[in-house]
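>>> Got a sequence here, can you model it:
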Amino acid sequence: MSFLVRGLIGLALASATPVHAEPAATPIQLGSSYQLRSKDLREYRTVNVILPGDYDKKKDARYPVLYLIDGGVSQDLIHVAGTVQLGAAWGRSSDPIIVGIETKDRRHELVGPTADPELRKKYPTAGSSAAFRAFIAKDVKPFVERSFRTDGNEAVIGESLAGLFILETYLAQPSLFDAYGAISPSLWWDKEALSRTAAKRIGAAQAAHPLYIAAANEGADMQTGIDRFLAALPRTGTRRCYNHRTDLSHSTIYQQLTPQALQFLLPPATPPPAEYGFEVQCSPKS
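Numbers count the residues shown, from 1 in each chain. Presented below is the predicted three-dimensional model:
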């Protein structure tokens, strides 16, 4: 058999053999990321927005907004977005527009000034929570309100230092959000300074805003500040829930209690059937 014939036979066999090409990848898109300029922070900052699943279909519908502190893709955005989707699918909570506000230097952005020399030495950038709050008020919220179909109902949620920031905002600028959710707030910061001022700052301005606080088994340093903050709240006229879970830790409480927090902060228009077992658990101290 000549070389030419053998070559033709080999070519025919090769062309007859099926080639299994790998399928092309299609990116999964959860939302969109925006860069907003902040005069108060003097830089551009990342804000991530995830819209409800039916947002593009229901052109006339308006939606509540859930602002998420530490809302970066590598922070709490994915976890909270998944919980929102599941809660909405089961009718446990509303289906909001999620606005994840990314943080860069959490000590810088989420805590107020301190006079404690040890803290100032250890965390030299700390103390600009007022500037971060101004960024939300002046830049983030106006952007969201002009860009998306919001219904005027706004809640905020965050954990640890973000929870501390949320409680500070509840005291300093309660009208910034409608409802507040602070999971395991770091009230130990600055020798519990925020809780020590709470009684003098809480009044009629806070009474109209629902407040959800959850705490794990985190020791006396954390619990003392939480107990003092709770004691400063009025006993009547405020819709609030405190969930003390001694079976959980600082590393597990956020994942476990986000569904309850969302049910409290953004309840559905129609309550879910009782047999579903959805419940917002509040401890006796609340």
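>>> For stretch 244-258, the averaged confidence score.
Mean per-residue pLDDT for stretch 244-258: 96.
>>> Let's see the distance spanning it from one end to the other.
Using CA to CA, to the nearest Å, the end-to-end distance of stretch 244-258 comes to 14 Å.
>>> Okay, buried residues for it please.
Residues 244-245, 248, 250, 253-254, 256-258 are the ones in stretch 244-258 that count as buried (16 or more other CB atoms under 10 Å). For the C-beta atoms, the positions are set from N, CA and C on the backbone; glycine is no exception.
>>> Quick check: the farthest pair among these?
Greatest spatial distance among the buried residues of stretch 244-258 (CB to CB): 244 and 258, at 16.4 Å.
>>> before we move on, back to that, just the ones of the buried residues of stretch 244-258 in helices?
253-254, 256-258 (DSSP state H).
>>> For the longest strand along the chain, give me every contacting residue.
Counting residues, the longest strand found in the chain (DSSP state E) is strand 150-159. Under the criterion CB atoms under 8 Å, 6 or more residues apart in numbering, residues 62-70, 76, 80, 96-97, 141, 144, 165-166, 169, 176-185, 253-254, 258, 261-262, 265-266 lie in contact with strand 150-159.
>>> Then stretch 234-254?
76, 79, 159-160, 183-184, 202, 206-207, 209-218, 226, 230, 233, 256-257, 260, 264, 280-283, 285-286.
>>> Let's see the ChimeraX selection covering just the buried ones among those residues.
This is the ChimeraX syntax for the buried subset of the contacts of stretch 234-254, where burial follows 16+ other CB under 10 Å:
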select :76,159,160,183,184,202,206,207,209,210,211,212,213,214,215,216,218,226,230,233,256,257,260,264,280,282
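>>> mind listing what the one residue sitting closest to the centre of the chain touches?
The chain has residue 68 as the residue nearest its centroid, 2.7 Å off, counting by CA atoms, centre = their mean. Counting by CB under 8 Å, 6+ apart, residue 68 touches 76-77, 80, 98-101, 156-158.
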